[in-house]
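**Q** Coordinates only, no sequence provided:
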Ligand SMILES: [Zn+2]
């Protein structure tokens, strides 16, 4: 292998490595999007389940209206569960994973809101 071939070989490898790095970060971004979407759907699913449950309770006892405060605390419980599972529940970072279980004052505010 002469010097020119060696140089071209390195050049090619360099551009292939760069391409691979780009692909890699694209993949990671896509994966993060999927994870975020997944936790959003999880929250939505939980909310819909709770709604369904409270609806069917109403159907059985049409006279007893669910208390507003009870509904409030139930959805807060859901948020708290998600927060404990390692996700942000605040408007700022909603559905994003909390790195290394870090705390978040926005999440705290929502979970502890009266
Ligand atoms: Zn947060």
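**A** Received, thanks. Computed from a prediction, not measured in an experiment: that's the story for all the values here. Numbering: from 1, shown residues only.

**Q** After the helix or strand of the chain with the lowest mean pLDDT, which helix or strand is next?
**A** Least confident helix or strand of the chain, by mean pLDDT, DSSP states H and E, is helix 68-84 with a mean of 76. Using DSSP states H and E, the helix or strand that follows helix 68-84 in sequence is helix 105-111.

**Q** averaged over its residues, what pLDDT does that next one have?
**A** If you average the pLDDT over helix 105-111, you get 88.

**Q** Briefly note if that helix comes near the ion.
**A** Yes. On the criterion C-beta under 5 Å from the ion, helix 105-111 is in touch with the ion at 106, 107. The way it works is simple: take the backbone N, C-alpha and C, and place the C-beta from them, glycine included.

**Q** And the contacts of that helix?
**A** 76, 79, 80, 83, 88, 89, 90, 91, 92, 93, 98 (C-beta atoms under 8 Å, 6 or more residues apart in numbering).

**Q** Run through the residues you listed and flag the ones next to the ion.
**A** Applying C-beta under 5 Å from the ion to the contacts of helix 105-111, those adjacent to the ion are 88, 90, 93.

**Q** And those, which of them are buried?
**A** Listed as buried from those are 88, 90; burial here means 16 or more other C-beta atoms under 10 Å.

**Q** Show me which residues of this structure sit near the ion.
**A** Contact residues, the chain versus the ion (C-beta under 5 Å from the ion): 88, 90, 93, 104, 106, 107.

**Q** give the contact list for the first one.
**A** I take that to be residue 88. Counting by C-beta under 8 Å, 6+ apart, residue 88 has contacts 94, 95, 96, 97, 98, 104, 106, 107.
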